[in-house]
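In: pasting the sequence and the predicted coordinates here, then a few questions.
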Amino acid sequence: MIFSNLFFLYLFFPICILCYFATKKNSYRNAVLIVFSLLFYACGQLNFLWLILLSALLNFVFGRAIEKWKGKAPATFFLALGLICNLGTLVVFKYTGFLLENINQLFHCNLHIPNLPLPLGISFFTFRLVSYLIDCAWGKVHAEKNFFTFLLYVSFFPITVSGPIARYASMQKDLHSRSISAYDISEGFGRIAIGLGKKVILADNLAPIVEQFLGNSLIDQTTFGLWYGIIVYSMQMYFDFSGYSDIAIGIARIFGFRVEENFRHPFLCRDITEFWQRWHITLGSFFRDYLLYVPIFGKRRKYAGLFLVWFCTGLWHGASWNYIIWGIYYGLFILLEMGIGKKGMKKIPAVIRHLFNKIIIVVGFGIFYCTDGITKLGNLFLGLMGLGNGGLSDALLTASLRNNLFLLLAALLCCFPILELPKKWMQKSAGAYVFFSITGTVLAAALFLLSSILLVDATNMPFLYTKF
């Protein structure tokens, strides 16, 4: 099941809300959310429901054991065991085929490559469990004493499948006690409408353009056509993933949970470092807090730690070399910016900085797109440099720009924080607050209705990040 689905929007979610608000006791509300979270996961992948239940049980036990023997050898043992179980499960399901393929190629073997299905959301809930165990060991949180409360943390349906990677430390208070105001409900539905609009109106309509210009032989595509395709793909990825995050944050807000922001207008960044402070924020903060300062060969090594973070950032996204190249690619530019230093970066004219980092970001999304092998990635670079077989431009590109002009302009405009200015005006006077509140409610309702209408005859297009 996905959020951009009429069954979810008009049946599953409303029934969940009715059952949730039918009681005021927190334990009953938690029970409602557990039941609907497990149903949500079962609708998406029933055959792996056992995995999320077993993961919750094992990590609950590991957390309690770490708390009981904190600072002693058994705590270290259970932490290590928990990390091995969690990360080992992720490696088995997600990377077994990739590892065996590379062993076969490198050593000319003929090992059997099993076709293992990928459990839904495994990359996301695994990292949340890892962060929980490490935080317990570091004393940042106390281990959860109620299994069903912990099960809710693990299975909470808005964030289990595609994030944000909300940590137990940020949810602990809301899991045990939460209050919900009319403002929370209003803000929640507003975020849902915005996220749905990003996905259905923008991302899903940008997808055919991407397929048209990147879906065939890249070496035969025109140079400008390739640049156009990866620029559109960059916006598609942003609206698809940030749209999911908006909906997830909005749903959680309605139920009284305040989940961390995952995107803050990343294309407004002034450098690559800032881009990753704005893009997939919860993943970046996870690697920064748990991996960057890990001792390597007994010491904390600055550059080795940075390489490890970006290698893992790429690998986390999928079992493919293009993702690893993509991660290291960004790591190299961040290393370059570190070498220049903050003062040195500020001396570079703002226009040049913006132009340079946008080219780097767009090319990065081109690398991200090429999952079909190194040959396709090489063809992309040849084409982008004007060394392909398609020439510079053709009538197809002109027609696409003309036919999709309003869609492209709307997508470009929505990359900017267009809602920030009304919020500032609302803070200045009561009249402005009332006016923009009413206007915002009407626009959110219209956006939700338009998205629903577009979903009636639409082909089911799942969120892109569900495959990671």
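Out: Yes, it's here. Numbering: from 1, shown residues only.
In: quick one, what contacts residue 404?
Out: Residue 404 makes contacts with residue 209, as judged by CB atoms under 8 Å, 6 or more residues apart in numbering. All C-beta atoms are positioned from the backbone trio N, CA, C, and that covers glycine.
In: do you know how far it is from residue 398?
Out: 11 Å (CB to CB, to the nearest Å).
In: what does residue 323 give?
Out: 33 Å.
In: neighbour-wise, which of those two wins?
Out: Neighbours were counted for residue 323 and for residue 398 using other CB atoms under 10 Å; residue 323 has more, 21 against 11.
In: tell me if I'm right that the more buried one and residue 311 touch.
Out: No. In this structure, residue 323 is not within contact of residue 311 by CB atoms under 8 Å, at 10.0 Å.
In: flag every buried residue along stretch 12-30.
Out: Across stretch 12-30, burial judged by 16 or more other CB atoms under 10 Å covers 12-13, 16-17, 19-20, 26, 29-30.
In: what about that stretch, how long is it end to end?
Out: 17 Å (CA to CA, to the nearest Å).
In: and that stretch, how far out from the chain's middle?
Out: 27 Å (CA atoms, centre = their mean, to the nearest Å).
In: stretch 171-186 now?
Out: With CA atoms, centre = their mean, you get 23 Å for stretch 171-186.
In: quick one: mean pLDDT for the helix ranked longest in the chain?
Out: In terms of residue count, the longest helix belonging to the chain (DSSP state H) is helix 73-107. When pLDDT is averaged over helix 73-107, the result is 94.
In: same thing with stretch 394-401?
Out: Stretch 394-401 comes out at a mean pLDDT of 95.
In: same question for stretch 338-358.
Out: Averaging pLDDT along stretch 338-358 gives 91.
In: again, but for stretch 10-23
Out: So the average pLDDT for stretch 10-23 ends up being 96.
In: now swap in stretch 26-44 and tell me
Out: Computed over stretch 26-44, the average pLDDT equals 95.
In: and it, how far out from the chain middle?
Out: For stretch 26-44, the distance to the chain centre is 22 Å (CA atoms, centre = their mean).
In: quick one: buried residues of that stretch?
Out: Going by 16+ other CB under 10 Å, stretch 26-44 has these buried residues: 26, 29-34, 36-41, 44.
In: quick one: which two of the buried residues of stretch 12-30 are the most distant?
Out: The span of the buried residues of stretch 12-30, defined through CB to CB, is set by 12 and 26 at 22.2 Å.
In: so residue 145 lies in a strand, does it not?
Out: No. Residue 145 is assigned coil when assessed by DSSP: H, G, I helix; E, B strand; the rest coil, not a strand.
In: and it, what does it touch?
Out: Per CB under 8 Å, 6+ apart, neighbours of residue 145: residue 64.
In: for residue 251, same thing?
Out: Residue 251 neighbours (CB under 8 Å, 6+ apart): 3, 13, 157-158, 188, 192.
In: of all those residues, which comes closest to residue 236?
Out: So of the contacts of residue 251, ranked by how close each gets to residue 236 (CB to CB), first place is residue 3, at 16.8 Å.
In: right, and the closest one touches residue 247 too?
Out: Yes. At 4.6 Å, residue 3 counts as touching residue 247 under the criterion of CB under 8 Å.
In: what touches both of those two?
Out: 195-196, 199.
In: export the residues you listed to TSV and tack on distance to residue 232, pLDDT and secondary structure?
Out: Shown next, in TSV, are the shared contacts of residue 3 and residue 247 (distance: CB to CB, whole Å; pLDDT from 0 to 100; DSSP: H, G, I helix; E, B strand; the rest coil):
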residue	distance to residue 232	pLDDT	secondary structure
195	20	95	helix
196	20	95	helix
199	15	95	helix
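In: show me how this structure divides into domains.
Out: 22-178, 185-286+316-467 (automatic domain parsing).
In: quick one: closest of those to residue 7.
Out: domain 22-178 (8.7 Å).
In: got the end-to-end distance for that closest one?
Out: 16 Å.
In: which residues does the closest residue to residue 207 other than its chain neighbours contact?
Out: In space, and not counting its chain neighbours, residue 207 is closest to residue 236: 5.9 Å by CB to CB, 6 or more residues apart in numbering. Taking CB under 8 Å, 6+ apart, we find residue 236 in contact with 202-203, 206-207, 210, 464.
In: which residues in the stretch 1-150 of the chain form helices?
Out: Assigned by DSSP state H, counting those that start in this stretch, the helices in the stretch 1-150 of the chain fall at 6-7, 13-21, 26-45, 49-68, 73-107, 122-138, 147-155.
In: same question for the stretch 301-450 of the chain.
Out: Under DSSP H, counting those that start in this stretch, the stretch 301-450 of the chain gives helices at 302-317, 321-347, 350-369, 374-384, 395-403, 405-414, 420-426, 430-456.
In: list the buried residues for the last one?
Out: Of the residues in helix 430-456, those buried under the neighbour-count criterion (16+ other CB under 10 Å) are 436, 440, 443-444, 447-448, 451, 454-455.
In: what's the spacing between stretch 124-135 and its chain's center?
Out: From the chain centre to the centre of stretch 124-135 is a distance of 16 Å (CA atoms, centre = their mean).
In: what average pLDDT does it get?
Out: Stretch 124-135 shows a mean pLDDT of 96.
In: likewise stretch 209-227?
Out: Averaged over stretch 209-227, pLDDT sits at 94.
In: for it, measure first residue to last.
Out: One end of stretch 209-227 to the other measures 12 Å (CA to CA).
In: now it: buried residues?
Out: 209-210, 212-214, 218-219, 221-227.
In: export the residues you listed to CSV and tack on secondary structure and distance to residue 68?
Out: What follows is those, written out as CSV (DSSP: H, G, I helix; E, B strand; the rest coil; distance: CB to CB, whole Å):
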residue, secondary structure, distance to residue 68
209, helix, 56
210, helix, 52
212, helix, 59
213, helix, 58
214, helix, 54
218, helix, 56
219, helix, 60
221, coil, 60
222, coil, 64
223, helix, 63
224, helix, 63
225, helix, 61
226, helix, 58
227, helix, 58
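In: ok, how many other residues are close to residue 88?
Out: 11.
In: now swap in residue 268 and tell me
Out: Counted with other CB under 10 Å, residue 268 comes out at 13.
In: got it, and the one 3 residues further on?
Out: Other residues near residue 271 come to 22 when the count uses other CB under 10 Å.
In: for residue 460, give me the pLDDT.
Out: So residue 460 comes in at 64 (pLDDT).
In: repeat that for the one 3 residues further on.
Out: Note for residue 463: predicted pLDDT of 75.
In: that one is in contact with residue 237, isn't it?
Out: No. Shown here, residue 463 and residue 237 do not form a contact pair, counting by CB under 8 Å, at 10.6 Å.
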